[in-house]
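Participant: Give me coordinates for this.
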Amino acid sequence: MLGPYRDVLSRPGALAFSSAGVIARLPMSMVGIGIVLMIQALYDSYGLAGSVSAAYVLAQAVCSPQLARLVDLHGQARVMRPAVTVSAGALVGLVACALVGAPVWSLYATAVVVGATVGSFGALVRARWSHVLDDPRALHTAYSLESALDELVFVVGPILATTLATAVTPSAGLIVPVVGMVLGGFWFLAQRGTQPPPHPREVVTAPDGTPVRRRSVMRSGGMVVLAIVFVAMGAIFGGTDVSTVAFAEESGRPGLAGVILAVFACGSMISGLLYGARHWTTPLWRRFAIGMVALALGASLFVLVNSMAMLAVVMFVAGFAIAPTLINGNGLVQDLVPRERLTEGLTWVGTSLGVGVSVGSWVAGLLIDRQGSHGGYLVVVGAAVLAVVAVLGSLRVLRAGAAGSGDADADGRTALDDAATPRGDARR
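Facilitator: I've put the predicted structure just below:
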């Protein structure tokens with residue numbers, strides 16, 4: 001099983017940028033929960049903690065795709081070095097404001113700056129793999145590896161943030177993300193040899209010579225479908241997190257919530273590694289749909305849970321459908337957007353996932369207050385149904401995009417069939 005992973009990591013520079021990317025991604029699993037834990041402890045308000053965290057997530061959702069567009073135009077290092085500097089400084093500022101009991105507006109302001117400049121290192125890493133590898137099979141393995149590493153970050157991050165915030169000091173849960181952002185980020189960006197070349201904006205003209213504005217990648221029908229599905233998937237994850245915490249408290253064992261959530265991520269990490277070790281001949285769009293149906297079936301089991309042990313089993317089983325579905329979704333982005341705008345496309349689906357997590361957490365929290373943890377799990381089931389309906393109702397769009405038959409950019413280049421053309425030679 002490890003052979004394909006050894007092969008891709010043996011490529012020049014691959015192990016170094018993938019390792020740096022893991023460290024740089026720590027903030028994605030620690031900042032949100034770290035903000036909640038710190039502000040709740042220092043200001044004694046869950047409402048304020050949740051709203052400041054939501055401001056961070058919303059700023060990230062709005063600004064990350066725009067930051068990714070600049071990366072595609074000017075290069076990763078040129079854009080992200082100042083962005084990482086600003087984001088790390090703002091996160092330190094947020095901690096300082098909270099420690100001195102600064103006015104509430106300062107918490108929102110610094111949180112928004114952090115979210116606006118944090119970017120998506122997951123998208124940057126995957127863009128490098130697409131630049132380094134020209135074999136679709138190897139790229140499938142590399143994407144699977146990164147999805148497994150994402151899950152590892154989500155296993156370690158929340159537990160580490162919670163432990164530091166409760167056992168050391170409320171602000172300690174945000175110190176590790178700052179260190180990871182700076183050390184991992186600058187280590188990653190210093191590796192110029194594997195950085196995809198920038199694609200400066202070209203002057204695109206209509207047949208009559210009139211300048212034409214380059215369209216957003218979200219003008220693609222397939223990308224819209226992916227964004228909707230990833231929002232629903234995020235709602236599954238967000239609702240599951242909150243509901244699991246509530247269920248653990250109802251069971252009198254709140255300390256096990258983090259362990260149960262880690263089991264969820266472990267199931268996904270294992271399935272991602274297994275999935276990436278094999279070459280699949282089934283079309284990518286079909287695998288994505290099958291994975292989404294499997295995830296929905298696993299999520300529907302939450303309503304039957306009546307003990308912590310049963311919850312752990314259901315979480316592990318449901319987790320097995322996560323990584324393959326995310327891998328296939330990110331793979332579809334390769335077929336739906338021009339190569340020179342890949343970072344932007346990958347960031348959009350990642351951002352959609354984050355928005356879904358926030359929405360799922362919020363709606364599940366409202367129902368939990370009224371009906372208990374099972375009310376939250378109903379939100380999870382509802383989000384799963386929405387995702388399946390969106391996928392099954394849009395199979396024709398996804399299939400057309402994967403076949404390169406309908407997604408064209410404003411400059412007239414169309415996506416080529418990934419199965420027929422090696423990734424490194426595709427010109428969209």
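
Participant: G234 versus A90, what's the distance?
Facilitator: 24 Å (C-beta to C-beta, to the nearest Å). Where C-beta positions appear, they are placed from N, C-alpha and C, glycine not excepted.

Participant: Apologies, that question was intended for A257.
Facilitator: Taking C-beta to C-beta, one finds A257 at 19 Å from G234.

Participant: can you check G89 too?
Facilitator: Counting by C-beta to C-beta, the gap from G89 to G234 is 28 Å.

Participant: The two: which is more packed in?
Facilitator: Set G89 next to G234 and count neighbours by other C-beta atoms under 10 Å: G234 wins out with 24 against 16.

Participant: Is the more buried one in a helix, a strand, or coil?
Facilitator: helix (DSSP: H, G, I helix; E, B strand; the rest coil).

Participant: My guess is it contacts G350. True?
Facilitator: No. Contact status for G234 versus G350: not in contact, 9.6 Å apart, counting by C-beta atoms under 8 Å.

Participant: Just give me the neighbour total for E250.
Facilitator: E250, neighbours per other C-beta under 10 Å, totals 13.

Participant: What residues does it make contact with?
Facilitator: 372-373 (C-beta atoms under 8 Å, 6 or more residues apart in numbering).

Participant: tell me the phi and psi of it?
Facilitator: E250 adopts backbone torsions of phi -60, psi -30, taken as degrees, to the nearest 10.

Participant: Can you tell me how far it is from A257?
Facilitator: Taking C-beta to C-beta, one finds E250 at 11 Å from A257.

Participant: what do you get for S10?
Facilitator: 39 Å.

Participant: ok, the two, which is more surrounded?
Facilitator: A257 (22 against 9).

Participant: Tell me if I'm right that that one and V245 touch.
Facilitator: Yes. Using C-beta under 8 Å, A257 is in contact with V245, at 4.6 Å.

Participant: How far does the worst-scoring helix or strand of the chain on mean pLDDT sit from its chain's centre?
Facilitator: Least confident helix or strand, the chain: helix 395-402 with a mean of 78, by mean pLDDT, DSSP states H and E. For helix 395-402, the gap between its own C-alpha mean and the chain's C-alpha mean amounts to 22 Å (C-alpha atoms, centre = their mean, to the nearest Å).

Participant: And it, what does it pack against?
Facilitator: helix 221-250, helix 284-300, helix 322-336 (3 or more C-beta pairs under 8 Å, 6 or more residues apart in numbering; DSSP states H and E).

Participant: Compute the inter-axis angle for it and helix 322-336.
Facilitator: 60 degrees (axes from the mean of the first three to the mean of the last three C-alpha atoms, to 10 degrees).

Participant: Quickly find the element holding the residue nearest to the spatial centre of the chain.
Facilitator: Residue closest to the mean C-alpha point of the chain, counted by C-alpha atoms, centre = their mean, is G350 at 3.9 Å. Using DSSP states H and E, G350 sits within helix 342-371.

Participant: could you give the angle of that helix to helix 322-336?
Facilitator: Using the same axes, to 10 degrees, helix 342-371 lies at 140 degrees relative to helix 322-336.

Participant: Please identify the buried residues of helix 342-371?
Facilitator: By 16 or more other C-beta atoms under 10 Å, the buried positions in helix 342-371 come out as 342-365, 367-368.

Participant: tell me the phi and psi of P338?
Facilitator: Dihedral angles for P338 - degrees, to the nearest 10 - are phi -60, psi 150.

Participant: One more: V305?
Facilitator: Per degrees, to the nearest 10, the backbone of V305 is at phi -70, psi 130.

Participant: neighbours around the residue lying closest to it once chain neighbours are set aside, how many?
Facilitator: In this structure, V305 finds its nearest non-sequential neighbour in L311, 4.7 Å apart by C-beta to C-beta, 6 or more residues apart in numbering. Residues contacting L311 under the criterion other C-beta under 10 Å number 26.

Participant: Pull up the per-residue confidence for L311.
Facilitator: L311 carries a pLDDT value of 91.

Participant: pLDDT wise, what is the closest residue to V337 other than its chain neighbours at?
Facilitator: Among residues not flanking V337 along the chain, G345 sits closest, at 3.7 Å (C-beta to C-beta, 6+ apart). On the pLDDT scale, G345 is placed at 83.

Participant: S87 too?
Facilitator: S87 is given a pLDDT of 96.

Participant: So which bits of whatever helix or strand it lives in are buried?
Facilitator: Secondary structure from DSSP H and E places S87 in helix 76-99. By neighbour count on 16+ other C-beta under 10 Å, the buried set for helix 76-99 is 76-77, 79-80, 83-84, 87-95, 97-98.

Participant: Equivalent analysis for stretch 183-197, please.
Facilitator: 184-189, 191, 194-196.

Participant: contacts for stretch 85-104?
Facilitator: Contacts of stretch 85-104 (C-beta under 8 Å, 6+ apart): 27, 31, 35, 38-39, 42-43, 48, 106-107, 110-111, 113-114, 117-119, 170-171, 174-175, 177-178, 181-182, 185.

Participant: try it again with 6 Å
Facilitator: Outside stretch 85-104, the residues that touch it by C-beta atoms under 6 Å, 6 or more residues apart in numbering are 38, 42, 106-107, 110-111, 113-114, 117-118, 171, 174, 178, 181-182.

Participant: got it, and stretch 309-323?
Facilitator: 147, 260, 263-264, 267-268, 271-272, 291, 294-295, 298-299, 301, 305.

Participant: Let me know the closest of those to W285.
Facilitator: When those are ranked by distance to W285 (C-beta to C-beta), G291 comes first, at 10.9 Å.

Participant: Quick one: residues contacting that closest one.
Facilitator: If you count contacts by C-beta under 6 Å, 6+ apart, then G291 has 321, 324-325, 328 around it.

Participant: Go again with 10 Å.
Facilitator: 271, 275, 320-329, 391 (C-beta atoms under 10 Å, 6 or more residues apart in numbering).

Participant: Equivalent analysis for P65, please.
Facilitator: 120, 123, 216-218, 343-352.

Participant: S220 is in contact with G345, isn't it?
Facilitator: Yes. With contact defined as C-beta atoms under 10 Å, S220 and G345 form a contacting pair (8.5 Å).

Participant: what sits in contact with each of those two?
Facilitator: 226, 333, 335-338.

Participant: As TSV, the residues you listed with distance to G21 would be great.
Facilitator: Converted to TSV, these look like this (distance: C-beta to C-beta, whole Å):
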residue	distance to G21
L226	22
V333	17
D335	23
L336	23
V337	21
P338	23
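
Participant: Save these as TSV, and put in distance to T162, neighbour count and pLDDT too.
Facilitator: Output for the shared contacts of S220 and G345, formatted as TSV (distance: C-beta to C-beta, whole Å; neighbours: other C-beta atoms under 10 Å; pLDDT from 0 to 100):
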residue	distance to T162	neighbour count	pLDDT
L226	32	28	90
V333	32	26	86
D335	39	26	79
L336	37	27	83
V337	37	27	81
P338	41	24	78
